[in-house]
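[1] Predicted structure and sequence below. I'll ask about it afterward.
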Amino acid sequence: MSQAKEKTIEDGIIKRVSGPVVSAAGLDAKMNDMVYVGDEGLMGEVIRIKDDLTTIQVYEETSGVSPGEPVENTGEPLSVDLGPGMLNSIYDGVQRPLAVLEGQLGAFLDRGVDAPGIDLEKKWGFKPTVKKGDEVNPGDIIGTVQETESIEHKVMIPPNFVGGKVVRIQKGEHTVVDEICELDSGEKITMRQKWPVRSPRPTKQKHTPTIPLVTGQRILDGLFPIAKGGTAAIPGPFGSGKTVTQHQLAKWSDADIIVYVGCGERGNEMTEVIEVFPELEDPKTGKALMSRTCLIANTSNMPVAARESCVYTGVTIAEYYRDMGYDVAVMADSTSRWAEAMREISSRLEEMPGEEGYPAYLSARLSAFYERAGLFTNLNETAGSISIVGAVSPPGGDFSEPVTQNTLRIVKTFWALDASLAERRHFPAINWNESYSLYRNQLDPWLRENVEDDWPDVRQWAVTTLAEEAKLQEIVQLVGKDALPEDQQLTLEVARYLREGFLQQNAYHDVDTYSEPGKTYLTFKAIQTFNDEAFKALSGGASIEQIQAIEAVPRLNRIGTASEYGEFIEQLEKEITDQLKELY
Amino acid sequence: MKEYQTINEVSGPLVFAEIDEPIGYGEMVEIELSGRGMRRGQVLESTDKFVAIQVFEGTTGIDKKCSVRFLGETLKMPVTGDLLGRVLDGSGQPIDGGPEIVPEDRRDIVGTAINPYAREYPREFIQTGISSIDGMNTLVRGQKLPLFSGAGLPHNEIALQIARQATVPEEDVGDGGSEFAVVFAAMGITAEEANEFMDDFERTGALERSVVFLNLADDPAVERTITPRLALTTAEYLAFDLNYHVLVILTDMTNYCEALREIGAAREEVPGRRGYPGYMYTDLSMLYERAGRIEGVEGSITQIPILTMPGDDDTHPIPDLTGYITEGQIYVDRELHSKGVEPPINVLPSLSRLMSEGIGEGLTRNDHSNVSDQLYAGYAEGRDLRALVNIVGREALSERDNTYLDFADRFEREFIQQGYETGRTIVETLSAGWNLLSMLPKTELNRIDESYIEKYYEENSESSEVEG
């Protein structure tokens, strides 16, 4: 974070300190202005103005701060630095680069330190794409920089600048603060932009998304797909696999850019991401996964106010890359921590609480955040998208609590995690009966065209079978499986393979961790083949015991771990068919 | 140092005093009780006219005439390697009659967050010798793994068994583990429970490498809010300055949270769920997140917090918020306890999030994760069938279902049951697992790679007698 200190307007004096909330008198500030609090210059933000008293939420620990110390106003809202160098980086909730801070402070995060969000000294090779005399407008791309091995950074006219004719543009090695272009409107352009995190960056138009975000996770791609530009929520109690699912999406989804926001979660989990991602390959480009990823890590023991702002920091960075025409996916883990941070600050402000102590504006804030997702035509006519996947951590796993409920009113995909599935190590522990995706219909044309024409039909068959199983299981609980007629027993058997061979997927297995759409489809098909042939055998006179005894069938569960899956599945389907045919 | 005689309100654990010069938030305070001793406290809210002080040792006997001294600094813990072998009270004063502590350094007890960039991901397997932990919910160095227990359950025995048996295989086998230290923080436990711990520490000679903080049930409740911070500050010094592998046992976190609630109520804060303060998640995370490893530093902090779930309800705010911060949890189960299983750990809801990185080839054994998954799936299926058997009887079930019922019974009797004094190596644990899995036909072992089945499956395994 790099708020320029030169713009000080007027100093105030601290009157009251209560945890992260500080009140100051005599401060001439606007709502949401960034301020520096106390002798140590702790970063804070104005959240209430009443008469002469300004209330500030401080992004750092306030121990030792006392009334009488000064408050310095920057006159600007909380902003992030945007420019090349954000990918392959890890930030805290107010965009302070953690790697740089480690160099300055050592292993523990002290307070009152500041470092620019992007490296101001590094030189980048700038290649102009416009020339002298060209007319450019706000948002237009004027050149490129190779930011990482897989991502070409587009340098744009900031949206809040005035357009004009290019007077001068400079190719070559530049730092992000060097002037690289000048317009006849007087605007001087560098590669660094600043943008206030709480305001969405402008676009031209928002569209209905029609292309799926392919995740490589069978249950998601197969049953509950999310669109590029869509929103999804993953609620679940602790231990049900929210974080692993988010990690899987960050690793394998086919977005161009990933912004991963660890909001109030575990330090060791963030470290895992930092350690593991650089070693992983992007399945699409074969290059390091980290070179398309930006991490925001605000662990649970970092100051609560920075937790409140970290999701905004993340989505603003995402919007910047969207403006370049990229498909960006934002993983927010967990939005409940963000909501709790709002609640904590609200209660320190002694605001009238809404449901369960959350502030009355919870719902408005949540929907404003998710509305920043979508498929857009940018100001510069490129198309870009932001998909947001938010984890929700409901207390006690109870989905009726306010954060889950308010989130469900907004998002179109719901992946319900289930503790009882997790307990029997059925992973991903996404409950197929409760989850839904409202994108199915708008994505089907793409799936028909790019994977297989009968994808929607096969999916419907699987959904019906699983629903049938849920109904039958209720009866089985009462009378036992053997009391059912044979055709229903067979349905249970088929559903078991759908659960074990299709829905379950081992995130820690080298092959199984990623299932491309073609493989997902064929896995569906193989189980359907078993279903069709087995029912034929049953009506041909074979008994359910005989069908269960078929040697080849259990191998349906090994499709996921088969690397040469095409051959494996073809062979398997043939054996299953042959062996079943022998029965009648 | 400024002294005031301006107390104008005493309310529960809080004292309000007027002041005429600025006092820092979180600053330490001493309150002199005219000749009847001294109390310590901390500034909870500071304005230019008055301060709110939270008094650690209780407000009994404080009146408006008492004098208030502001020490000009936040609460610090004097740390030194000589703390090993010492017993301190809940606010860090020695109570073992030993010599005065000469500190090497004085550290702020609030602690600062470890930069996630500077952390090292924990992946060193700790062998606790308990099969249900090693085999199914592996603990690694730098992890925070709480015991979710209930009133009247043997969580203390389990914590002691871990403290006694924990080793890292293939490392410092001979030298008695000189690198290993225990920091024990008791919050509001009974004197009897404390004795249980102390006796065990003395019996096994563990006291020499332990630092004990005791806030007992009859000590002031507010003091409980600083006891774990003192303990963790000590642990950080031992781990990151002196390179010890520190095991921190915090018991009982439920009492700690009750103390938080008491302070919140006294300050008339807007309460969150069940009257606990809305910031309890943040507060707890500032304790639990002080576990871990730092890159380039030898030492580590592993935490085992113990909490007793009121009414055995894991959706209660204390276990709920804890579970969202810690890297898994171990459930102590009442039903298994009444069956006489020792230790009565229910593996189904238990979890170790750091397990997958801490096991496997070169760490434990390459079949470990497969075996664990299959045992989970088998035991879960068997437990489900128990409900059914009560309705329809065993005869109505298929042969496959009966096998799973037997599997679940044997799993409890042979795998989980081992006694508090027995330590099993990881190889013994895995063998016990294979012995059980070999009851099932090979085709049922769908979580296990075929090559492992070939290597470890016991062909002629006899299904042992069925319980009558």
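    Sure thing, it's come through.
[2] Would you mind listing what in the stretch 451-584 of chain A touches chain B?
    Near chain B, the residues belonging to the stretch 451-584 of chain A are A:476-483, A:500, A:508, A:554, A:557-558, A:561 when assessed by CB under 8 Å from any CB of the partner chain. Where you see a C-beta, it was placed from the backbone N, CA and C, and this is true even at glycine.
[3] Going by distance to A:K154, which of the residues you listed wins?
    Nearest to A:K154 among these, counting by CB to CB, is A:Y508 at 36.8 Å.
[4] Check for me that that closest one belongs to a strand.
    No - per DSSP: H, G, I helix; E, B strand; the rest coil, A:Y508 lies outside any strand segment and is coil.
[5] Show me which of the residues of the stretch 451-584 of chain A next to chain B are buried.
    Burial by neighbour count, judged by 16 or more other CB atoms under 10 Å in any protein chain shown, picks out A:476, A:480-481, A:500, A:554, A:557, A:561 from those.
[6] Could I get the buried residue list for whichever strand or helix holds B:S369?
    Following DSSP states H and E, one finds B:S369 within helix B:368-392. Counting neighbours by 16+ other CB under 10 Å, one finds that the buried residues in helix B:368-392 are B:368-385, B:388-389.
[7] Domains in the chain, by residue range?
    Picking chain A for this. Under the assignment automatic domain parsing, the domains of chain A span A:12-76, A:119-191, A:205-438, A:455-581.
[8] not what I meant, chain B
    Chain B breaks down into these domains under automatic domain parsing: B:2-73, B:77-356, B:368-464.
[9] circling back to that earlier point, just the domains of chain A: most buried one?
    Mean neighbour counts were compared across the domains of chain A using mean count of other CB atoms under 10 Å in any protein chain shown; the top stretch is domain A:205-438, at a mean of 22.
[10] quick one: average pLDDT of that domain?
    Taken as a whole, domain A:205-438 has an average pLDDT of 91.
[11] measure that domain end to end?
    22 Å (CA to CA, to the nearest Å).
[12] How far off centre is that domain?
    4 Å (CA atoms, centre = their mean, to the nearest Å).
[13] how about the helix holding B:S369 against chain A, any contact?
    Yes - looking at helix B:368-392 against chain A by CB under 8 Å from any CB, the contacts come from B:369, B:373, B:376-377, B:380-381, B:387-388, B:391-392.
[14] what's the spacing between A:T74 and chain B?
    Remark: distance between A:T74 and chain B (CB to the nearest CB, to the nearest Å) = 23 Å.
[15] per-residue confidence at that residue?
    Per-residue confidence for A:T74 comes out at a pLDDT of 88.
[16] do the same with B:L247
    The predicted structure scores B:L247 at 94 on the pLDDT scale.
[17] The stretch 201-350 of chain B: helices as residue ranges?
    With DSSP state H, counting those that start in this stretch applied, the stretch 201-350 of chain B shows helices at B:227-236, B:253-266, B:280-288, B:317-325, B:334-338, listed in chain order.
[18] For the last one, name the packing helices and strands.
    This points to helix B:334-338. Counting contacts by 3 or more CB pairs under 8 Å, 6 or more residues apart in numbering or on different chains; DSSP states H and E, the secondary-structure elements packed against helix B:334-338 are strand B:345-352.
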